[in-house]
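>>> Everything below, folded, please.
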Amino acid sequence: MVRQIRLTQDQVQKFVSVTSKCDFDIDIYYNRYIVDAKSFLGVYGLDFSKTLEVSYEGYNRELEEMLGNMAVAC
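Numbers count the residues shown, from 1 in each chain. Next comes the predicted model:
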């Protein structure tokens, strides 16, 4: 599944905490870069003024709720 989100600096710690609980890979695509969503330093180094693309192949209720709250309207 692929979701478009907006993330703020204040949300990074919670985002990484939730993604770290998932037993599947979660990647963030930003321009040409791919960042592991479970890496605090990787996520914190992103440009938060841009829309980020989150890609994952699994289900976690808490992750879905969080991504729903961060989703960018298409």
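>>> how about the helices of this protein, start to end?
Per DSSP state H, the chain carries helices over the ranges 12-20, 40-44, 61-70.
>>> Which strands or helices does the second one pack on?
Helix 40-44 sits against helix 12-20, strand 33-36, with contacts defined as 3 or more CB pairs under 8 Å, 6 or more residues apart in numbering; DSSP states H and E. All C-beta atoms are positioned from the backbone trio N, CA, C, and that covers glycine.
>>> Would you mind listing the buried residues in it?
42, 43 (16 or more other CB atoms under 10 Å).
>>> do the same with stretch 60-74
Going by 16+ other CB under 10 Å, stretch 60-74 has these buried residues: 60, 63, 66, 67, 70.
>>> quick check, nearest of the residues you listed to residue 48?
The closest of the buried residues of stretch 60-74 to residue 48 turns out to be residue 70 (CB to CB; 11.1 Å).
>>> can you tell me how far that closest one sits from residue 32?
22 Å (CB to CB, to the nearest Å).
>>> same deal with residue 58?
In terms of CB to CB, residue 58 sits 25 Å off from residue 32.
>>> Please identify which of these two sits among more neighbours.
residue 58 (11 against 5; other CB atoms under 10 Å).
>>> For residue 4, see how far away the closest residue to that one other than its chain neighbours is.
Leaving out its chain neighbours, the residue that sits closest to residue 58 by CB to CB, 6 or more residues apart in numbering is residue 24, at 3.2 Å. In this structure, residue 24 and residue 4 are 19 Å apart, going by CB to CB.
>>> Counting neighbours, go ahead and name the busier of those two.
More crowded of residue 24 and residue 4, by other CB under 10 Å: residue 4, with 15 against 11.
>>> ok, now how distant is residue 41 from residue 51?
On the measure of CB to CB, residue 41 and residue 51 end up 21 Å apart.
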